[in-house]
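Asks: missing the sequence, but the structure's below:
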């Protein structure tokens, strides 16, 4: 089955610690995305990557970092510089090249800072 | 900038009631339009989409029509079920990377 996996499902972090969220896809999609979801709000784009070894900042990139060393993987690091990191994080992927293409989402990781 | 505005919730309906969730988008270019559904604790699933004016997307009894003249993409279902309880997101893609989401509308259907 093709799809997107995210791990872990729940993550707890102490203040001042960096933490990395995993995202893997086997859909052979070129593009991958990270979103943050807060209660009562829509999704906000953190970073996206069109191709391996390339990525671009989204609307709320401050305090986050990413890498794209493989087509299948797009990990997100939440750094200690992110002032309010408690949220639900969603990874997505899509075919690149047409705005008709929908994004496919993973199940999400809920991060809680203690 | 580009944005999507959808009807605020929560919406509570009785089973078999008619559902409408309003969605409007900013009219920059010709975006593709989508409705996604999110069940508790899960990611988003595509419900339906429309890629040009007057297209109607449909799936699982839900429908939405791309209305260019009113910049709208309202979601409708004739008879909701308890299993339709979820959060619904309207979205528009303005270019390859710029998918904008509405704030989401929580629907609760009571037996």
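Replies: Thanks, I have it. Quick caveat, the model's predicted, so the values are computed rather than measured.
Asks: only C-alpha atoms for contact and neighbour calcs from this point on.
Replies: Noted.
Asks: Where does the prediction get shaky in chain A?
Replies: Scanning chain A for pLDDT under 70 picks out A:1.
Asks: now with 80?
Replies: Counting by pLDDT under 80, chain A contains low-confidence ranges at A:1-2, A:40-41, A:97-100.
Asks: and it, which residues reach chain B?
Replies: Neighbours of chain B within chain A, by C-alpha under 8 Å from any C-alpha of the partner chain: A:40-44, A:48, A:90, A:96-100, A:102, A:104-108.
Asks: Narrow these to just the buried residues.
Replies: A:42-44, A:48, A:90, A:96, A:99-100, A:102, A:104-108 (16 or more other C-alpha atoms under 10 Å in any protein chain shown).
Asks: Kindly reformat these as TSV containing secondary structure.
Replies: Shown next, in TSV, are these (DSSP: H, G, I helix; E, B strand; the rest coil):
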residue	secondary structure
A:42	coil
A:43	strand
A:44	strand
A:48	strand
A:90	strand
A:96	coil
A:99	coil
A:100	coil
A:102	coil
A:104	strand
A:105	strand
A:106	coil
A:107	coil
A:108	coil
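Asks: would you list those in CSV and tack on distance to residue A:5?
Replies: Below are those laid out as CSV (distance: C-alpha to C-alpha, whole Å):
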residue, distance to residue A:5
A:42, 21
A:43, 18
A:44, 20
A:48, 17
A:90, 10
A:96, 20
A:99, 23
A:100, 23
A:102, 17
A:104, 11
A:105, 9
A:106, 5
A:107, 7
A:108, 8
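Asks: Could you list the single helix or strand in chain B with the lowest mean pLDDT?
Replies: The helix or strand of chain B with the poorest confidence is strand B:99-101; it has a mean of 91 (mean pLDDT, DSSP states H and E).
Asks: quick one: strands adjacent to it?
Replies: Sheet pairing here is set by DSSP bridges, and for strand B:99-101 it gives strand B:86-93 (antiparallel).
Asks: Need the residues that contact the strand it pairs with.
Replies: Here strand B:86-93 makes contact (C-alpha atoms under 8 Å, 6 or more residues apart in numbering or on different chains) with A:42, A:99-100, B:3-6, B:23, B:25, B:31-40, B:99-108.
Asks: 7 Å instead, please
Replies: If you take C-alpha atoms under 7 Å, 6 or more residues apart in numbering or on different chains as the criterion, strand B:86-93 is touched by A:99, B:4, B:6, B:23, B:31-40, B:99-108.
Asks: Over to stretch A:66-77?
Replies: With contacts defined as C-alpha under 7 Å, 6+ apart, stretch A:66-77 is touched by A:18-26, A:30, A:32, A:52-54, A:64-65.
Asks: Quick one: name the residues of chain B near chain A.
Replies: Proximity of chain B to chain A (C-alpha under 7 Å from any C-alpha of the partner chain) is limited to residues B:32, B:42-45, B:51, B:93-96, B:101-104.
Asks: Show me where chain B dips below the pLDDT cut-off.
Replies: Residue ranges of chain B with pLDDT under 80: B:27-28, B:95-97.
Asks: if we go to 50?
Replies: In the predicted model of chain B, no residue satisfies pLDDT under 50.
Asks: Tell me which stretches of it form strands.
Replies: Taking DSSP state E as the criterion, chain B contains strands spanning B:4-6, B:11-14, B:19-21, B:23-25, B:32-38, B:44-50, B:56-59, B:62-65, B:75-77, B:86-93, B:99-101, B:105-110.
Asks: so what does the second one touch, helix or strand wise?
Replies: When contacts are defined as 3 or more C-alpha pairs under 7 Å, 6 or more residues apart in numbering or on different chains; DSSP states H and E, strand B:11-14 sits against strand B:105-110.
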